[in-house]
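In: next comes the sequence, and after it the predicted model I'd like to discuss.
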Amino acid sequence: MKRNESKYKQVVNHVIDGINNGSYKKGDWILSINEFRKNYNLSRDTVFAGLSELKSKGIIDSTPGVGYYIAVSYTHLRAHETLMNL
């Protein structure tokens with residue numbers, strides 16, 4: 001984590017980095033809230049804040065009770081613009 005980076009940005013950066021390096025493509029499932037919690041040592045609320053930001057930008061979507069995935073309507077340009085605005 002960068003010195004001035006908010007903890008929830010770890011979640012945002014994980015997804016954006018995964019998109020940019022090809023690990024995540026449209027429709028791919030991302031880590032669950034519990035996986036983010038364990039991998040990054042974050043609280044549930046912190047993970048949810050990061051996922052909420054990504055969802056509000058149209059980068060991810062969710063299926064209640066199932067999980068979060070890269071939005072089918074997502075474009076690489078939108079992810080780049082989002083990264084620039086964070």
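Out: Arrived safely, thanks for sending.
In: and Val12, what pLDDT?
Out: You'll see Val12 listed with a pLDDT of 96.
In: oh sorry, the question was meant for Thr82
Out: 55.
In: check the one 4 residues further on too.
Out: The predicted local distance difference test score for Leu86 is 56.
In: the chain: helices as residue ranges?
Out: For the chain, applying DSSP state H gives helices covering 8-20, 33-40, 44-56, 76-85.
In: tell me which helix or strand of the protein sits lowest on mean pLDDT?
Out: helix 76-85 (a mean of 55; mean pLDDT, DSSP states H and E).
In: about what we covered before: so for Gly67, which of the helices of the chain sits nearest?
Out: helix 33-40 (8.3 Å; Cβ to Cβ). The C-beta positions use only the backbone N, C-alpha and C, and glycine is treated the same way.
In: tell me the buried residues in that closest one?
Out: For helix 33-40, the neighbour count (16 or more other Cβ atoms under 10 Å) marks Ile33, Phe36, Arg37, Tyr40 as buried.
In: the last one: what's it in contact with?
Out: Counting by Cβ atoms under 8 Å, 6 or more residues apart in numbering, Tyr40 makes contact with Lys7, Gln10, Val11, His14, Val47.
In: distance check, the residue lying closest to the second one once chain neighbours are set aside against Thr63.
Out: Looking back up the chat, that one is Gln10. Once flanking residues are discounted, Gln10 sits nearest to Tyr40: 5.0 Å by Cβ to Cβ, 6 or more residues apart in numbering. Separation of Tyr40 from Thr63 (Cβ to Cβ, to the nearest Å) stands at 22 Å.
In: likewise Lys7?
Out: 25 Å.
In: between those two, tell me which one has more neighbours.
Out: Lys7 (16 against 9; other Cβ atoms under 10 Å).
In: tell me who's in contact with the nearest residue to that one once chain neighbours are set aside.
Out: Of all residues not flanking Lys7 in the chain, Thr46 sits nearest, at 5.0 Å (Cβ to Cβ, 6+ apart). Contact analysis of Thr46 by Cβ under 8 Å, 6+ apart lists Lys7, Tyr8, Val11.
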